[in-house]
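S.K.: can you look at this prediction? I've put the sequence above it.
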Amino acid sequence: MWESADLLRAGSKLTSNQYCMPVLGLLFLRYAYSRYKMVEEEILKDRPVRNGRKMPVEASDFTAKRALFLPEMAQFDYLVNLPENVASLGLLNVSGQTLGSLGEVVNNAMELVEQQSDQLTGVLPKSYTDFSDELLGELLRIFNNNALDEVGGDVIGRIYEYFLNKFAKNIASDDGVFFTPKSLVKMIVNILEPKNGILLEIKTIGLIQRYDTHRQQNMLKIA
């Protein structure tokens, strides 16, 4: 997975610093979709039936289970299966503007996810128009790995750690300085889904970041 993503980085002519957050954002979205499907299945088991059909799930059903609801246009399966000519679909973003590229559709997906959680507001990357549609489509297919449906947040957290270490090495070779954005810490917290009031200590590149889930504050110290 990393080797494929790294090849795409080279193909995009972006630096590792520019490429890091969009890739990790897609990994977050892929895991969120796995969680969504799992919780949706649980909800549908006890769903009331009307006119021979089960009632559709709603955002409030996921809130009751402390899970993240994903609108259709933010679901990974939806993004992966879009046709090549996205502009011909006449899709609209959250502001009612027509979406003309796959990058714009993915940016809109991130906006839709942020609308579902105050903790994610302004956190997710929205720079996917930096990629060509062909490149971004390939990246989506790489992360559309069924193995990710079988793992928990702790495993995804380790995948994040692996990617971060790889990115740090690439950025160093690009003569850059790597730091871990607060937005990335919030993404990791949302993946791990700790109970309210838990103090997390997340070791990231160059720092140990402590996250108070009750106060929703970051506390940093040099690692």
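M.R.: Great, that's in hand. All values reported here derive from a predicted model rather than from experimental measurement.

S.K.: state the helix or strand in which the nearest residue to Asn93 once chain neighbours are set aside lies.
M.R.: Nearest residue to Asn93, sequence neighbours excluded (CB to CB, 6 or more residues apart in numbering): Asn108, at 4.2 Å. Using the backbone N, CA and C atoms, a C-beta is placed for each residue, glycine as well. According to DSSP states H and E, Asn108 maps onto helix 102-114.

S.K.: quick revisit: what about the residue nearest to Asn93, how many neighbours?
M.R.: 22 (other CB atoms under 10 Å).

S.K.: look up how far Phe163 lies from it.
M.R.: The spacing between Asn108 and Phe163, counted by CB to CB, to the nearest Å, is 24 Å.

S.K.: could you give the average pLDDT over the top helix by length along the chain?
M.R.: Once the chain is assigned using DSSP state H, the helix that runs over the most residues is helix 16-45. The average pLDDT within helix 16-45 is 86.

S.K.: buried residues in it?
M.R.: 16, 18-36, 39-40, 43 (16 or more other CB atoms under 10 Å).

S.K.: so what does that helix touch, helix or strand wise?
M.R.: Judged by 3 or more CB pairs under 8 Å, 6 or more residues apart in numbering; DSSP states H and E, the packing partners of helix 16-45 are helix 2-12, helix 59-64, helix 76-80, helix 102-114, helix 133-143, helix 153-173, helix 182-192.

S.K.: by how many degrees do that helix and helix 102-114 diverge?
M.R.: On the basis of axes from the mean of the first three to the mean of the last three CA atoms, to 10 degrees, helix 16-45 is oriented at 60 degrees to helix 102-114.

S.K.: contacting residues for Tyr162?
M.R.: The contact partners of Tyr162, by CB atoms under 8 Å, 6 or more residues apart in numbering, come to Trp2.

S.K.: measure it to Leu27 for me?
M.R.: Tyr162 is 11 Å from Leu27, by CB to CB.

S.K.: what about Glu150, how many residues nearby?
M.R.: 9.

S.K.: ignore the last one, Asp149
M.R.: Using other CB under 10 Å, Asp149 has 13 other residues around it.

S.K.: surely it and Ser34 touch.
M.R.: Yes: Asp149 lies in contact with Ser34 (CB atoms under 8 Å); the separation is 4.7 Å.

S.K.: so what's the closest residue to Gln116 other than its chain neighbours up against?
M.R.: Nearest-residue entry for Gln116: Phe69, 5.2 Å, with adjacent residues in sequence omitted and distances by CB to CB, 6+ apart. Phe69 sits next to 36, 58-59, 61-63, 116 when contact means CB under 8 Å, 6+ apart.

S.K.: quick check: pLDDT value at Ala172.
M.R.: For Ala172, the model assigns a pLDDT of 50.

S.K.: ignore the last one, Lys166
M.R.: 73.

S.K.: residues near it, how many?
M.R.: Lys166, neighbours per other CB under 10 Å, totals 16.
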